[in-house]
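J.: I'll drop the sequence and a predicted model, then ask my questions.
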Amino acid sequence: MAWIYLALAAVFEVAFAVSMKMSDGLTRTGPTVITIISVILGLWLLALAMRDLPVSVAYPIWTALGAIGTIVLGWLWLGEALTPLKVVSVALIVAGVAGLKVSAG
């Protein structure tokens, strides 16, 4: 169940980052509300995941999945550039996350 909590926490991490961008410096009400709710839910789910997962695994995976999701949505939805260096960097993040998952058992 901890891995499910962690995956859901990462979804809210991505929602937090994207909605914060769309809030225009927290000046637009709708995206600002989504940002606040996403932060609360993401941290709550991360805390639930950490009941069973070591912090040295859960937190880096949460941030990595959040970063990858944010890069993908930034490219697909916000029109941000997806450069070759970003693609290589994402591949390295994926390799790191896989290593952490394997190390956790």
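T.: That came through fine.
J.: At the geometric centre of this structure, which residue do we find?
T.: For the chain, Gly66 is the residue whose C-alpha lies nearest the centre (CA atoms, centre = their mean; 1.5 Å).
J.: excluding its backbone neighbours, what's nearest that residue?
T.: Glu13 (3.3 Å; CB to CB, 6 or more residues apart in numbering). Every residue, glycine included, has its C-beta placed from N, CA and C.
J.: gap between that neighbour and Met20?
T.: Distance, Glu13 to Met20, by CB to CB, to the nearest Å: 11 Å.
J.: Could I get the pLDDT score of Thr27?
T.: Looking at Thr27, its pLDDT is 96.
J.: Which secondary structure state does it sit in?
T.: coil (DSSP: H, G, I helix; E, B strand; the rest coil).
J.: how many neighbours does it have?
T.: Neighbours of Thr27 under the rule other CB atoms under 10 Å: 8.
J.: do you know how far it is from Val39?
T.: Taken as CB to CB, the span from Thr27 to Val39 is 17 Å.
J.: ditto for Ile68
T.: Distance check for Ile68 against Val39: by CB to CB, it reads 19 Å.
J.: Looks like the residue nearest to Gly66 contacts Ile61 (just checking).
T.: No. Using CB atoms under 8 Å, Glu13 is not in contact with Ile61, being 10.7 Å away.
J.: In the chain, where is pLDDT below threshold?
T.: By pLDDT under 70, the weakly predicted segments of the chain are 105.
J.: need the contact list for Ile34.
T.: By CB atoms under 8 Å, 6 or more residues apart in numbering, the residues touching Ile34 are 15, 19, 23.
J.: Now for the last one: which residues touch it?
T.: Ser23 sits next to 31-32, 34-35 when contact means CB under 8 Å, 6+ apart.
J.: one step back: assign the residue nearest to the centre of the chain to helix, strand or coil.
T.: helix.
J.: State the distance from it to Leu73.
T.: As judged by CB to CB, Gly66 and Leu73 stand 11 Å apart.
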